[in-house]
Structures are given as structure tokens and as C-alpha cells.
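> Please work out how this folds:
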Amino acid sequence: MRLLDLAMDGLGTNEAALIEFLCARPPARVRKAKAKWEARHDKSLIDRLDSELSGDFQNLCLTLLKGNRFNGEEDTRTVEDCDMDAATEAADHLHNKGAGQWGTNEEAFIELLCACSPVQNKAIALAYENKYEKSLAGAIKSEFSSVFEPNLRIALLALLMDPYDWYAYRLKKAFKGFGTDDKAVCRILGCADKKDALKIAEAWEKKYGKPLRAMIKSECSGDYKRLAIAWCTVPDELEAPNEPIELPSEEEEDATELIEDEEEAAEPEPEVPAAEEPTEKDDPEAAPPEGNTIPVAYPVYPSPYYRIPGANLPMGHPVLGGLVWALQQEYLADAGAIVGEWWDGLDKSMLTAAGTSPEAFEAWFLQVEGQVRANPYVINSLRQQWGV
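All right, here's what the predicted structure looks like:
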């Protein structure tokens, strides 16, 4: 439930949290979380996602939200126990709808992979690799764009993996590079119950060869570090009340170094919006803003030193939020020439105060509008990149 709240709070959706919730949660838990969310907000979650998302990623999310995926918790088989003839038939179907034809039938991939459990999808991936001498993950990366369909591509790859392996992989991405994506770490570990947190830690150690607590120790600090280590290492006291509990000490083993190949390093990220925890819920049924009012997703500027190239504005700036809203209204909601009206009504002093000229910004956003006009679904990617 909490992960779903994080995905839906604020203006727009957090696609990273949404993928983690829908692709790595058992269908029964998806249905329960959906019911609780709707009871709390007195709104339809399907209607909310239908209004916030678009294209094939919207189709995938709405399909998984129904909770009709084969129950992975009850599917205790291994890949060797699966019907490999059926898996080969499914692999043939995906090949014929992807690499085996001109263009890609996205709906075929969504329909099949969203219906199968993680074990079944692993069997299909094995059959695909054996027959076509290419991994199914590699085929998805070839067929689905990392520029125009990044969230759909990441979600399909998540469906091929064991849920705990996927969470371990997402933690690895959060730890890599300069600095740590603390929001992703907190979201993945904090939204997992005790049993799932321990399984994530077990999957991490199995995949990367050293304990998760070693990576947390090297990348995190203070009470946050000790709580994260305790949550993914200390057993649940309620399950064994008489067993002694050893708290994690400061003297842990050396941190593991994460090594990525070039393909993995280039894998796109479902970026997390820059807004902090919102103070109120957005109402998707509310009327759009009028006049000079610019909708802002609780702007928080991650760093005054990082500015969006071309726009010369910091991430999360309210002008970027207004531009995204105007683009959505004109090119996704067919509400008329909203972009021009937004620009005419914009207080240009907001641009000069931020250190950019209105003329330079206008030239930049007209180029952006041209890209959106050619492919409206790029708006979601722009919103993520701009932190609004």
C-alpha cells in the first residue's frame, strides 16, 4: 500500500515506484492494495492511471492492475518443472511479433508476459534463448526504445525476473555512480515487510557475492544506515521471540564493488520525480489551472548547480512544470492551443530571475514542442528528466 502511495502522490506518477509495485508484487497483493487505495481516496485507481499515463506503458500498467497475473506465490515450480513445449510456443509467438517481423507488436508482449508468473516467464526466456540464440531480454532491448518507451522497456524486463532479484538489481542501480539514490533505497527496503526485506538481501548476496549490509554500510550513513542494515539482516523478533538478536555493528566486512558491463551501464532509468513528500493529494478530477497559474509538483530543486541543458533552468523549476502541463493538455488531452496561451500568460520575470533569457528559453521550448508534436508520448520522459 505504501509503495502505491509513493507512486501516486503528487502531480503525475512515479513510474519507478509504479513498476516496482506492479511488476514485482504478487497479484493478490496488487488487488488488496488497489482496494485500500480506492477506499482511502474515494476514487478509481484505474481512472487515475488512465488519466496520468499514456500509450503502451499505460496498457501494461492497467493490465497488471487487474491482478489477473498467474499467482507467483502459489507457483512453486522451478523452470525445469514447466511445460517447455508451451514455453517454446510462447517464445515463438513473441519472436513472430517482434524480431520475426517488420515492426513490433507491443500488445503481444504485454498480454503474454503480464499473464505469466515469474517462473513461467523464465521458462519462456529459456526457450527463446535455446531456439533463437539470443536472450529474450536482449530481444526486448532491441525492439523497445530506451528513448521513447523507457518505462515500458524496463517494466517488460522486470517481468522476466524473479521479484527479489529485480529488487536487488534496482538497489544496485540506486547505489551505482556518484552518490546514492537514497529515495530508491528507502522505497525498496522501507516498503518491503520483514520477510521480503530478508529475501531481497538473500537475493542480493546470491547475485553479487557479498552481503547487502556491506553495500549499505559504504553508501549510507548515520541512523538511516543502521536502520537499513537492521531491516535487511536482523530476524523478525515476533517469529522467534526467545532467540537473541544481534544488532549490526560498525565493524562490517568491506563493501562490495559493483561492476557493470557497457550494456547494463547504458540501461535507461525510470527516473524519480524531484518533488519531496507531498503535503496534500492531487485531485485528478479538478479543473485545469487558468490564466497565469502554473501547476507545480511541489518544486524542490535537487541542486542549484545542475541545470537542464537548453532551458538553462534548474530541475523542478515551476516554469518547466507549467510547460509539461501545457504540452500534456495540447498534445495528449486535445484541449486546443494551450502551449501558446501558457507562454503568452507566463510571467517572464521568473525566467530572468532564474538566470535565463525569455528569448533563449522560447527558442528552446519551441524545439521541444516540435519533438512532442512528432511523438506526444515523449512528454512523460521529459517530465521525468526535468524533475517535475
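> how long is stretch 328-337 from one end to the other?
Chord length of stretch 328-337, first to last residue, is 11 Å (CA to CA, to the nearest Å).
> ugh, wrong one, I meant stretch 65-83
Taking CA to CA, stretch 65-83 runs 27 Å from one end to the other.
> Might you calculate how far that stretch sits from the centre of the chain?
Centroid separation between stretch 65-83 and its chain, computed with CA atoms, centre = their mean, to the nearest Å, is 23 Å.
> now swap in stretch 368-388 and tell me
17 Å.
> same thing with stretch 89-100?
Using CA atoms, centre = their mean, the offset of stretch 89-100 from its chain centre is 26 Å.
> Just the mean pLDDT for stretch 160-180, thanks.
Mean pLDDT, computed over stretch 160-180, is 89.
> Could you give me the buried positions within it?
Neighbour counts over stretch 160-180 (16 or more other CB atoms under 10 Å) mark 160-176, 180 as buried. Yep, even glycine has a C-beta here, placed from its N, CA and C like the rest.
> Keep only those of those residues that are in helices.
The helices, defined by DSSP state H, take in 163-175 from the buried residues of stretch 160-180.
> Any buried residues in stretch 360-378, and which?
Buried-residue list, stretch 360-378, by 16+ other CB under 10 Å: 361, 364-365, 368-369, 372, 376-378.
> list the contacts for Ser381?
Ser381 sits next to 147-148, 150 when contact means CB atoms under 8 Å, 6 or more residues apart in numbering.
> Next one: it relative to Leu136, how far apart?
Look at Ser381 and Leu136: by CB to CB, to the nearest Å, they are 24 Å apart.
> and what of Asn68?
22 Å.
> Pick out whichever of these two has more residues nearby.
Leu136 (26 against 13; other CB atoms under 10 Å).
> Looks like that one contacts Glu129 (just checking).
Yes. With contact defined as CB atoms under 8 Å, Leu136 counts as touching Glu129 (6.7 Å).
> ranges for the strands of the chain?
307-308, 313-314 (DSSP state E).
> List the pairing partners of the last one within its sheet, with orientation.
Based on DSSP bridges, the pairing partners of strand 313-314 within the sheet are strand 307-308 (antiparallel).
> So for the strand it pairs with, mean pLDDT?
Here the average pLDDT along strand 307-308 is 57.
> Check stretch 210-223 too.
Stretch 210-223 comes out at a mean pLDDT of 89.
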